[in-house]
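Peer 1: what's the 3D shape of this:
(one chain, ligands or ions: 2)
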Amino acid sequence: MTFTPRSAWHETPEPVRKAVAEALGAAIDRHADLHGGMSPGPAASLWLADGRHVFVKAVSAEVRAHNHTMILQEAAILDALPRSVPAPRRLATVECGPWAALATTWAAGATAPSWTDASIEAVADACRTTSRHRAPGSLPPVAQRIFDFDGWTRLAEIGANDDWEAAYAGPAADVVAGWENWTAGDALVHRDLRLDNTTFDADHSPAVLLDWAYAAAGAAWIDLAQLAADVVATGHVLGVQAATDRAYQLLRTLPPDAPRFVVGPAGMWCIRAATVSDTFNPRIASWRRARSTALRPLVARLIADFREGHRKGA
Ligand SMILES: Nc1ncnc2c1ncn2[C@@H]1O[C@H](COP(=O)(O)OP(=O)(O)OP(=O)(O)O)[C@@H](O)[C@H]1O
Ligand SMILES: [Mg+2]
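Peer 2: Ligands and ions are numbered 1, 2, ... in the order given. Take a look at the predicted model:
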């Protein structure tokens, strides 16, 4: 997923590029710009004079302060992760004037535009490996890394955009209610599981989870539930029905609270599309709306299951 193009590595001020090379301990022989993600700063593949191939991303706080903070937050998190977590390793962090840069090991494989059955399986394995770790003590409870889960409630208050929202916003809000409690736990959670935050290698080396700035301590199934949501929101090569089926099947393997974690982000995208304008990425509102709309059939099914569960439990 790409919005406005990320700036190019060669446009990064020379002192920043020099500081990155110095921190890495080798000159940068050549590079290739990467285009995934939403951050305005450059992301690049670097080939170093000593033969290493590494990843770097950078941003100026003057361009977007939030991303600058996130780069430094991610750098600290990568250092706290056990080596058995499927994450890149931090190699260097640079702060140079308003700029921050983070260099990590290169993750094998590629970031694809759509999910496949093989990439779902590989990334699900990476999520399971991650959640078998207890979260490092420096990470906050996941409730601090969950945003706008009250989206359905607020949407019902400000007025739905169409008949579907009018019918489902209230029941969806009931499903998500109490999320601060049912998301809690002590497992390591990546919390920003999206296809563009993974690499997958068809030659079957393990998938790698990227972009760890939101990692937290929470319930062990959270990344798998978010994977299910992203399969639908980002899309499957076999189409919309396949995406919804794969997501539903994955959720059926998880504890009963996991489907609630799919209904939450659908409301988050809805309320953000309706109320937040992003001047940096003007297309982001339509991206959020598209994700929320894609999730409607799954959300409707999960709400029906939730009600059925309550009826039986009552
Ligand atoms: N260690 C890595 N090895 C190989 N490719 C990577 C690595 N880290 C990131 N990438 C690629 O670069 C892209 C951008 O990286 P990342 O998601 O970390 O950037 P970001 O600016 O923090 O993200 P976002 O813009 O999504 O907030 C990813 O979508 C992925 O394709
Ligand atoms: Mg990313």
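Peer 1: quick check: residues of this protein near ligand 1?
Peer 2: For the chain, the contact set with ligand 1 under CB under 6 Å from any ligand atom comprises 34, 36-39, 43, 55, 57, 88, 104, 106-107, 111, 196-197, 199, 210-211. In short, each C-beta sits where N, CA and C put it, glycine included.
Peer 1: restrict the residues you listed to contacts with ligand 2.
Peer 2: Among the residues of the chain next to ligand 1, the residues within reach of ligand 2 (CB under 5 Å from the ion) are 37, 197, 211.
Peer 1: how about the last one: what's its closest non-neighbour residue?
Peer 2: The shortest distance from residue 211 to any non-neighbouring residue, by CB to CB, 6 or more residues apart in numbering, is to residue 197 (4.2 Å).
Peer 1: burial measure for the one you found, as a count.
Peer 2: Residue 197 has 20 neighbours, counted by other CB atoms under 10 Å.
Peer 1: which ones are touching it?
Peer 2: Going by CB atoms under 8 Å, 6 or more residues apart in numbering, residue 197 touches 37, 190, 209-211.
Peer 1: pLDDT value on it, please?
Peer 2: pLDDT, residue 197: 96.
Peer 1: distance of residue 305 relative to ligand 2?
Peer 2: Going from residue 305 to ligand 2 by CB to the ion, to the nearest Å gives 31 Å.
Peer 1: swap that for residue 122, sorry
Peer 2: Residue 122 sits 18 Å away from ligand 2, going by CB to the ion.
Peer 1: check which helix or strand that residue maps to.
Peer 2: Assigned by DSSP states H and E, residue 122 falls within helix 117-131.
Peer 1: which helices and strands does that helix pack with?
Peer 2: The helices and strands touching helix 117-131, judged by 3 or more CB pairs under 8 Å, 6 or more residues apart in numbering; DSSP states H and E, are strand 187-189, strand 198-199, strand 208-209, helix 222-234, helix 240-252.
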